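the following comprises the amino acid sequence and a computationally predicted model.
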Amino acid sequence: MRTSKRLMIFALAAAGALLCAVPAALAVPQLDVDAATPAGLAISISRSVFPTGAAAVVIAEETAWRDQLAGAGLAGAARGPLLLSAGGTLPTALTAELTRLKPTHAYVLTTQQNLAYMASQVASAMPDGAQVAVVRMDDAPRGARLIARL
């Protein structure tokens, strides 16, 4: 019993020493983000992670955590940022971010009541020829199944 405790302590000490010896070049970079709202934070992260643009973006409602959760997986698969709209509208900062990113595809996760309005706003903010797919998220499991098929 005593030997196994000593081995465990040695293993933990060795692991700690290895972690401390990792060169700074291998360290995980930290993002410097500063935002007052969740939508602003998403834009700040997008600027840091996608400085030269992205082929696809996912837009979800700022207050709909289910949409954001489903959208996070879609954004990862599409290799683009997850951006947040405010109350069914596209804030000016979000429109500017879409212009900067120049995406060719946008996936909008929204409710039935905001569907047509959000689709038209995103389409007008996108570059010419870009495709906009709108997924109704009124029924979260149904929306998740639709996202899985994209």
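Ah, there it is.

mind listing the strands for the chain?
Assigned by DSSP state E, the chain shows strands spanning 56-61, 82-85, 105-110, 131-136.

same question for the first one, mean pLDDT?
Translated: strand 56-61. For strand 56-61, the per-residue pLDDT values average out at 92.

ok, the shortest one next?
Confidence over strand 82-85 (mean pLDDT, whole number) is 92.

can you give me how far it is from the chain middle?
Distance of strand 82-85 from its chain centroid, counting by C-alpha atoms, centre = their mean, to the nearest Å, is 7 Å.

which other residues reach that strand?
Residues outside strand 82-85 that contact it (C-beta atoms under 8 Å, 6 or more residues apart in numbering): 38-39, 42-43, 46, 57-62, 68, 71-72, 74-75, 91, 94, 97-98, 110, 118. (Each C-beta comes from the backbone N, C-alpha and C, glycine too.)

stretch 52-60 now?
Contacts of stretch 52-60 (C-beta under 8 Å, 6+ apart): 46, 67-68, 70-72, 74-75, 78-85, 90, 94, 98, 100-110, 118, 122, 137.

and the residue nearest to residue 46 when sequence neighbours are not counted, how close does it get to residue 75?
Nearest residue to residue 46, sequence neighbours excluded (C-beta to C-beta, 6 or more residues apart in numbering): residue 81, at 3.8 Å. Per C-beta to C-beta, to the nearest Å, residue 81 is found 6 Å from residue 75.

what is the least confident helix or strand in the protein?
For the chain, counting by mean pLDDT, DSSP states H and E, helix 2-21 ranks last in confidence among helices and strands (a mean of 50).

where do the helices sit along this structure?
2-21, 38-49, 65-78, 92-101, 115-125, 140-149 (DSSP state H).

CSV please, covering the ones you listed and showing mean neighbour count and distance to residue 132.
As requested, these are exported to CSV (neighbours: other C-beta atoms under 10 Å; distance: least, C-beta to C-beta, whole Å):
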stretch, mean neighbour count, distance to residue 132
helix 2-21, 9, 45
helix 38-49, 18, 18
helix 65-78, 18, 13
helix 92-101, 18, 11
helix 115-125, 17, 5
helix 140-149, 14, 15
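
I'd say residue 106 and residue 127 touch.
No: with contacts defined as C-beta atoms under 8 Å, residue 106 does not count as touching residue 127, sitting 10.1 Å away.

the more surrounded of the two?
The neighbour comparison of residue 106 against residue 127 (other C-beta atoms under 10 Å) goes to residue 106, with 24 against 11.
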